[in-house]
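Chemist: Mind folding the following:
(one chain, ligands or ions: 1)
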Amino acid sequence: MMGTKTRRVIAQAAAAALLVGGGVVLASPAQAASSHCSVGYFCIWRDKDFQTDGVGTSLKSIYYSLANYAGSYYSGTSFSANDSASSFWNRSGTSQSVYIYKYADAGGVSFKVPAGSGRNNLATSLDPALWNDTISSAYFQAYDPHH
Ligand SMILES: [Ca+2]
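Modeler: Modelled structure (predicted):
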């Protein structure tokens, strides 16, 4: 027969296992994105799931604004950040939304990205749709010329 103390230890171990399991569940792609995109920045990656050529840390991050992604590269790579992003994350902090545009200098169609959100695959996203490999400029709301 199990003693009361033994049962209590087993219950505590089960509770601990549940906590660990919960932690695993919380390690979503979104959280992975946040871990590579520093607080205060808006980040894009060339490929889906917040990666560039299989590397999560190969991203292009901006602060305030970038009027033209042309001439910028995903960190540690020679891949152009223009018209290539397939995933993005707004880790601007506070409540700063970021507006992304299909053309340079806040041109063309825009899409609002609320703080603390992003998309893991623009090729399959329906909201926004048809944004894969099209981002050319991005602005924090305080620096956006149209909003
Ligand atoms: Ca892409």
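
Chemist: Show me which residues of this structure sit near the ion.
Modeler: When proximity is defined as CB under 5 Å from the ion, the chain approaches the ion at 46, 84, 86, 133. C-beta coordinates here come from the backbone N, C-alpha and C atoms, glycine included.

Chemist: Most widely separated two among the residues you listed?
Modeler: 46 and 133 (8.7 Å; CB to CB).

Chemist: Show me where this structure has its helices.
Modeler: Taking DSSP state H as the criterion, the chain contains helices spanning 4-26, 29-36.

Chemist: What about the closest residue to residue 35 other than its chain neighbours, how many residues nearby?
Modeler: In this structure, residue 35 finds its nearest non-sequential neighbour in residue 56, 7.8 Å apart by CB to CB, 6 or more residues apart in numbering. For residue 56, the count of nearby residues is 16 (other CB atoms under 10 Å).

Chemist: again, but for residue 115
Modeler: 16.

Chemist: Check the gap between it and residue 93 for me.
Modeler: 7 Å (CB to CB, to the nearest Å).

Chemist: one step back: mean pLDDT lowest where, among the helices of the chain?
Modeler: Lowest mean pLDDT within those: helix 4-26, at a mean of 49.
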